[in-house]
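Colleague: Give me a model of this one.
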Amino acid sequence: MCDSNSPSSRRGSCFQPPNISSPQPRGSIFQARRASCFQFDDNFISNNSGSTAKAVKNYLKPCTSPMNFLLSVKSFFPIITWLSTYEKSWFISDMIAGIVIAILHVPQGISYAFLSQVHPVNGLYASFFAPLFYMFFATSKHMSVGSFAVIALMTGAASDDIMKKHYGTDFDNPLYADTKHSEINRVSVVAALTFTLGICQLLVGALRLNFIFSYFSDPLVGGFSTGAAIHVIISQFDGVLDINSGHENGPGYLFGILIHHGSNITKANIYTVVLSLIIMIILIIGKEIISPFIGLATYLSFQFNWTDKYKMPIVGEVPRGFPAPSFPVFQLILDSFQPAIAITVVTITLQISFTKMFAKQQGYKIDPGQEVYALGFTSFFSGFFPTYPTSPGISRTSVGIENGGQTQLAAVSTCAFLLAVILLIGPYFEYLPKCVLAAVILVAMRSTFGKFREIPKLWYLSKTDCFVWISSFITTVFINVTYGLILSFCAVLVSVVLRTQWPTWNARFSRPQATITGFSNSGVIARYCVFRYDAILIFTNFERFKTAVHRTLDEFLSRPFLSTEEETYTKAKFIFDCSAITEVDSMGILALKEMTEEIEKKANATVAFANANCKLC
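Modeller: Below you'll find the model as predicted:
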């Protein structure tokens, strides 16, 4: 055992595991076994030393000097750092990867524009501005920001709600589709939502609220995204069947859509159904090489006049030119805050999750806090143009990596390609059948069904996580996307409570004739119990802790060797293994004290605490 007055002990701290061979003082902690003693120096690190003062100091640091202010501003532009170390050999690979990513942006931007309730050209604008702005602020080398089905669906639902607020039941009037007839229209609503989304994302970054998104676990994201994908799939039945089901998005609206389509199935346009099926089959066989088939479908629709012959709805006139920036309508900004908060949660969760995943695969690190800023600045500046909210995309990013992309400079060729499409090719999409875009979205969503394979794995690993996945999926499908997200978050909070309210615990007892070896009193029979509690010990679960200790104590007292007074037996010892008790409050301390006194009184045993942290000392 280490002597606290020895020179070695004075030089550092002495960690000593519990000694079960000899009597210990009441309530003693970290009693040493003679076999081992670890020496530490005086330096240590902790997250509990001046963290508040340090946070305040970091906030105020940019204001302490002009140089610190400039360095703080520079930190918002990682492009300055990585561009200075850019290697010329990467340029060709980045340009090729950027063009390939742009080819994916075109059909996704056009298709998801319909989910957002805006014109396809607005999807092209969103696909152009998002990677352009993101390039300057990102720490991820490969992430591609652009259209994302779930975000587009949430945008469309928010657009419907805001339009209803201003126009009532007449909100879906074609006159309110663009800026020609009214200041408050579909385009201005979605642009204001994008701008407001940027404000919310920047506030999350500035207030250091990233920790909140640690509660959005992988099971939550998996169940929610799968449920949201079901909404996306069913929403495309309108385009495939050429049956208008309206724009309802209240609780349970999916069942209303299915009932409406089922009762009107005889009115379906057989030509749009057949064309959609053909496009889906071709895309699946052709591994989703989308752009050529969109061009071919547009040409055939124009050449053979499918609009008049087969009554196929088409995209319609696509305006030429490039939009000028304008400030969003202030009233719409105020109207957009509520839906923007929900979209903020989803976009930041996806951003942090996806960027970390690709950074780990490629062997580099990202700054999650800066990624939140990058997403916020991207949305904020995009809101000055007729775009819709964007999000990171796995498919585009994966394709960019597969084609040799090395840095965000790939966005240069992506934006150049998209600019050419907007100025030169965009107007030719006028004759593109809408059912083709619906088919593109349906094929893109087919990978969603693979996520159901997560359920058996989660059931095996953690039934609580499986509960979170299933509850997130069910609430999202049966209610709607926004309320599904809220209830999914509530399910996670419930799972956290369950883990603390009903934690696992176990107790081990010495065998009747167990002797203690390695000590001078070898051969003496030990009498001990080791109790382990696998949770924090706070006001919500201290009663269950006491119940568990009582059960253990009753079992310990039932041991026949405990009542003997023979000298061949050591004094009984009750050891609390505190290695899993990482947090304890005043109620927990009182519970420990109460149990210690009861054990000493009933079992005439010495109580010791092993692996206890400083809060128990």
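
Colleague: okay, CA-based contacts and neighbour counts for the rest of this
Modeller: OK.

Colleague: Tell me the backbone dihedrals of residue 580, please.
Modeller: phi -100, psi 0 (degrees, to the nearest 10).

Colleague: In this structure, which helix is the longest?
Modeller: Ranked by residue count and defined by DSSP state H, the top helix of the chain is helix 330-362.

Colleague: Stretch 328-339 - what's its average pLDDT?
Modeller: Mean pLDDT, computed over stretch 328-339, is 93.

Colleague: where's the residue lying closest to residue 208 once chain neighbours are set aside relative to residue 457, distance?
Modeller: Closest residue in space to residue 208, ignoring its immediate chain neighbours: residue 369 at 7.6 Å, by C-alpha to C-alpha, 6 or more residues apart in numbering. Residue 369 sits 31 Å away from residue 457, going by C-alpha to C-alpha, to the nearest Å.

Colleague: Likewise for residue 131?
Modeller: Residue 131 is 36 Å from residue 457, by C-alpha to C-alpha.

Colleague: do the same with residue 267
Modeller: 43 Å.

Colleague: related to what we said a few turns ago, can you tell me the element the residue nearest to residue 208 falls in?
Modeller: In the assignment (DSSP states H and E), residue 369 maps to helix 368-382.

Colleague: for that helix, the distance to its chain's centre please.
Modeller: Offset of helix 368-382 from its chain centre (C-alpha atoms, centre = their mean, to the nearest Å): 16 Å.

Colleague: What helices and strands are in contact with the following helix or strand past that helix?
Modeller: Once helix 368-382 ends, the next helix or strand along the chain (criterion: DSSP H and E) is strand 391-393. Other helices and strands packing on strand 391-393, by 3 or more C-alpha pairs under 8 Å, 6 or more residues apart in numbering; DSSP states H and E, are strand 144-146, helix 330-362.

Colleague: in the helix or strand harbouring residue 468, what counts as buried?
Modeller: In this structure, residue 468 is located in helix 463-478 according to DSSP H and E. Buried residues in helix 463-478, counting neighbours by 16 or more other C-alpha atoms under 10 Å, are found at 464-478.

Colleague: follow-up on the earlier one: list the residues that contact the residue nearest to residue 208.
Modeller: Listed by C-alpha atoms under 8 Å, 6 or more residues apart in numbering, the contact set of residue 369 reads 205, 208, 210.

Colleague: Take those residues and lay them out in a markdown table including distance to residue 602 and secondary structure.
Modeller: Putting those into a markdown table (distance: C-alpha to C-alpha, whole Å; DSSP: H, G, I helix; E, B strand; the rest coil) gives the following:
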| residue | distance to residue 602 | secondary structure |
| --- | --- | --- |
| 205 | 55 | helix |
| 208 | 51 | coil |
| 210 | 49 | helix |
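
Colleague: quick one: the spatially most central residue of the chain from residue 320, how far?
Modeller: Most central in the chain under C-alpha atoms, centre = their mean is residue 349, positioned 3.0 Å from the mean C-alpha point. Distance, residue 349 to residue 320, by C-alpha to C-alpha: 36 Å.

Colleague: pretty sure residue 270 is touching residue 241, no?
Modeller: Yes - contact criterion C-alpha atoms under 8 Å: residue 270 and residue 241 qualify, at 7.5 Å.

Colleague: Tell me the residues that contact both of the two, please.
Modeller: With C-alpha under 8 Å, 6+ apart, residue 270 and residue 241 have no common neighbours.

Colleague: Those two: who's more crowded?
Modeller: residue 241 (23 against 15; other C-alpha atoms under 10 Å).

Colleague: For the residue nearest to that one when sequence neighbours are not counted, give me its contacts.
Modeller: Nearest-residue entry for residue 241: residue 268, 4.9 Å, with adjacent residues in sequence omitted and distances by C-alpha to C-alpha, 6+ apart. Residues counted as contacts of residue 268 (C-alpha under 8 Å, 6+ apart) are 241, 242, 243.

Colleague: and those residues as a markdown table, adding distance to residue 450 and secondary structure?
Modeller: Listed next are the contacts of residue 268 as a markdown table, based on distance: C-alpha to C-alpha, whole Å; three-state DSSP:
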| residue | distance to residue 450 | secondary structure |
| --- | --- | --- |
| 241 | 25 | helix |
| 242 | 28 | coil |
| 243 | 29 | coil |
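
Colleague: Return the member of the residues you listed nearest to residue 298.
Modeller: Set against residue 298, the nearest of the contacts of residue 268 by C-alpha to C-alpha is residue 242 (17.5 Å).

Colleague: what angle sits between the longest helix of the chain and helix 368-382?
Modeller: 140 degrees (axes from the mean of the first three to the mean of the last three C-alpha atoms, to 10 degrees).

Colleague: tell me which residues in helix 330-362 are buried?
Modeller: 332-333, 335-337, 339-356, 358-359.

Colleague: got it, and stretch 57-77?
Modeller: 62, 76, 77.

Colleague: Among the residues you listed, which one sits closest to residue 586?
Modeller: Using C-alpha to C-alpha, those come closest to residue 586 at residue 62, 39.3 Å.

Colleague: wait, what's in contact with the closest residue to that closest one other than its chain neighbours?
Modeller: Distances taken as C-alpha to C-alpha, 6+ apart put residue 69 closest to residue 62, at 4.2 Å, once the chain neighbours are dropped. The contact partners of residue 69, by C-alpha under 8 Å, 6+ apart, come to 61, 62, 63.

Colleague: Distance-wise, check residue 463 relative to residue 498.
Modeller: Distance of residue 463 to residue 498, computed by C-alpha to C-alpha: 11 Å.

Colleague: er, residue 57 actually
Modeller: Residue 57 is 37 Å from residue 498, by C-alpha to C-alpha.

Colleague: so residue 613 touches residue 582, yeah?
Modeller: Yes - using C-alpha under 8 Å, residue 613 is in contact with residue 582, at 7.1 Å.

Colleague: Sketch out the low-pLDDT regions of the protein for me.
Modeller: The chain contains residues with pLDDT under 70 at 1-55, 169-181, 246-250, 286-295, 299, 302, 304, 512-526, 560-570, 615-617.
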